[in-house]
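A.B. asks: sequence unavailable; structure follows:
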């Protein structure tokens, strides 16, 4: 039976706990419980909760001007945020498009990819296809969901998803690399698969290849092996297609550099950003656009035929600008690297020998743990068990008081359980140690109950 709440919650039969306040790394519930927010929501709260500097910037902006339409006006925080982001890429991304969510950013990237080929001096109207990866996630709107390869989330909507998106294998060394295969051999095989897909579709029909530098919700913080993205970009360049990186979850400092691609020896043609951009203080995301795309528009119609009522929103722009200035002011990316190393060490020390922990992986303050039924064969647990969500729900109980982000589909899009951890960039050694301790307890206690009932 549906709950009495007027909200269409994510599950009609389950009303979430009522949160009433947040400060630092903690969220306080209506019953007084404090929850250690070890995931930043969905890897969003990069500065934790209640940051005074961000609040002051938002209050100042809303007192001056709460909204104006970008078809008529621009505002200083919007312009300054765009300039900050442009400089952060060394000018390699020359224009910025600010929207309200990661899904909107991906939709904009798809449309701009198509329009780019129409704006060229010699237009290529036949380009209409996209290539992405299995076990990926790029957003929940229909275009973005079509781009993603998360089987479970796509399944009910397959009949209405775009037919012009195809999916190749992800780069997941734990599950995808063959026994005895080197990183270089694995990369070559995956690059060949992308090349073959171009050939199958018709090389001159593809707009872009899209991928997450570190796969977040769909696989649980899976990074690529060295050289992978450089090889994939080379294939795109071979066929004149765009190379797009989705950094909505893994970017804006989450992996230890402001942009995750800085660690990959590549520069994308376009890049989506989101969660860490505004740290949850306001809904905000964006698209960073390379110069060759801007140049084509400039020499063509001069107009991106796309727009949102709330794009470049004054308060969202002010919040994001404040968040980014704080990250820079307090050198928080250094803390991300240091605390990320500590989190990796603690998780591996406490859980690597657990019989059901298959893999611990991640970068910076973006870590995932994959669980398996059999460590030798990597066989996942039955999907119906809902293991990852059992761990997530147990963590929120008063005995533990920690948020743990659960996910499924790790192995094949349906089966496979993982949890994700994403503490704030200003977290401390004490908090990291506590997170690792609580996660260990929750994992061990959850499996104790499962093994006892088996």
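C.D. replies: Sure thing, it's come through. All values derive from a computational prediction rather than experimental measurement.
A.B. asks: in the stretch 1-150 of the chain, what spans have low per-residue confidence?
C.D. replies: Where the stretch 1-150 of the chain drops to pLDDT under 70, the residues are 1-2.
A.B. asks: what about the helices in it?
C.D. replies: 40-43, 52-64, 76-88, 102-119, 142-147 (DSSP state H, counting those that start in this stretch).
A.B. asks: how about CSV for these, with mean neighbour count added?
C.D. replies: The C-beta positions use only the backbone N, C-alpha and C, and glycine is treated the same way. Formatted as CSV, the helices of the stretch 1-150 of the chain follow (neighbours: other C-beta atoms under 10 Å):
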stretch, mean neighbour count
helix 40-43, 22
helix 52-64, 15
helix 76-88, 18
helix 102-119, 24
helix 142-147, 22
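A.B. asks: to residue 4, which of those helices lies closest?
C.D. replies: Checking these against residue 4 by C-beta to C-beta gives helix 40-43 as the closest, at 25.2 Å.
A.B. asks: distance from the chain centre to that closest one, please.
C.D. replies: 10 Å (C-alpha atoms, centre = their mean, to the nearest Å).
A.B. asks: got the contact list for the closest residue to residue 263 other than its chain neighbours?
C.D. replies: Distances taken as C-beta to C-beta, 6 or more residues apart in numbering put residue 257 closest to residue 263, at 5.7 Å, once the chain neighbours are dropped. For residue 257, the contacting residues are 263, 333, 364, by C-beta atoms under 8 Å, 6 or more residues apart in numbering.
A.B. asks: which of those lies closest to residue 25?
C.D. replies: Looking across the contacts of residue 257 and measuring by C-beta to C-beta, the closest to residue 25 is residue 364, at 16.3 Å.
A.B. asks: correct me, but that closest one touches residue 249?
C.D. replies: No - with contact defined as C-beta atoms under 8 Å, residue 364 does not reach residue 249; the gap is 11.9 Å.
A.B. asks: what comes up buried for the longest helix anywhere in the chain?
C.D. replies: Secondary structure of the chain per DSSP state H: the longest helix is helix 429-453. Using 16 or more other C-beta atoms under 10 Å as the test for burial, helix 429-453 gives 431-432, 434-436, 438-443, 446-447.
A.B. asks: other SSEs contacting that helix?
C.D. replies: strand 34-36, helix 332-351, helix 387-395, strand 417-421 (3 or more C-beta pairs under 8 Å, 6 or more residues apart in numbering; DSSP states H and E).
A.B. asks: picking up where we left off before, most surrounded residue in the contacts of residue 257?
C.D. replies: Among the contacts of residue 257, residue 364 has the most neighbours (other C-beta atoms under 10 Å), with 27 neighbours.
A.B. asks: tell me the contacts of that one?
C.D. replies: 253, 254, 255, 256, 257, 336, 337, 340.
A.B. asks: residues contacting the first one?
C.D. replies: Residues in contact with residue 253, defined by C-beta under 8 Å, 6+ apart, are 46, 276, 327, 332, 333, 336, 364, 425.
A.B. asks: mark which of those residues are buried, thanks.
C.D. replies: Counted by 16+ other C-beta under 10 Å, these give 46, 276, 327, 332, 333, 336, 364, 425 as buried.
A.B. asks: sorry, back to before: list just the nearest of the contacts of residue 364 to residue 350.
C.D. replies: Closest to residue 350, out of all of the contacts of residue 364 and judged by C-beta to C-beta, is residue 340, at 15.9 Å.
A.B. asks: count the residues that sit near the closest one.
C.D. replies: The number of residues near residue 340, taken as other C-beta under 10 Å, comes to 23.
A.B. asks: for it, give me its contacts.
C.D. replies: Per C-beta under 8 Å, 6+ apart, neighbours of residue 340: 256, 362, 363, 364, 365, 366, 367.
A.B. asks: can you redo the helices and strands packed on helix 429-453 as TSV with distance to residue 298?
C.D. replies: As requested, these are exported to TSV (distance: least, C-beta to C-beta, whole Å):
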stretch	distance to residue 298
strand 34-36	49
helix 332-351	33
helix 387-395	47
strand 417-421	40
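A.B. asks: closest to residue 54 out of those?
C.D. replies: Closest to residue 54 of the helices and strands packed on helix 429-453 is helix 332-351 (C-beta to C-beta; 13.1 Å).
A.B. asks: what is residue 374 paired to in the beta sheet?
C.D. replies: Legend: beta-bridge partners of residue 374 under DSSP bridges are residue 379.
A.B. asks: mind checking the SS state of the spatially closest residue to residue 416 that is not a sequence neighbour?
C.D. replies: Here the nearest residue to residue 416 in space, its sequence neighbours aside, is residue 410; by C-beta to C-beta, 6+ apart that works out to 3.1 Å. Here residue 410 is recorded as coil under DSSP: H, G, I helix; E, B strand; the rest coil.
A.B. asks: surely residue 410 meets residue 381?
C.D. replies: No - contact status for residue 410 versus residue 381: not in contact, 10.4 Å apart, counting by C-beta under 8 Å.
A.B. asks: more neighbours: which of those two?
C.D. replies: Set side by side, residue 410 and residue 381 show more neighbours around residue 410, with 28 against 20, by other C-beta under 10 Å.
A.B. asks: contacting residues for residue 171?
C.D. replies: Contacts of residue 171 by C-beta under 8 Å, 6+ apart are 133, 186, 187, 190, 222, 224, 225, 228.
A.B. asks: wait, which of the residues you listed is closest to residue 417?
C.D. replies: The closest of the contacts of residue 171 to residue 417 turns out to be residue 222 (C-beta to C-beta; 13.8 Å).
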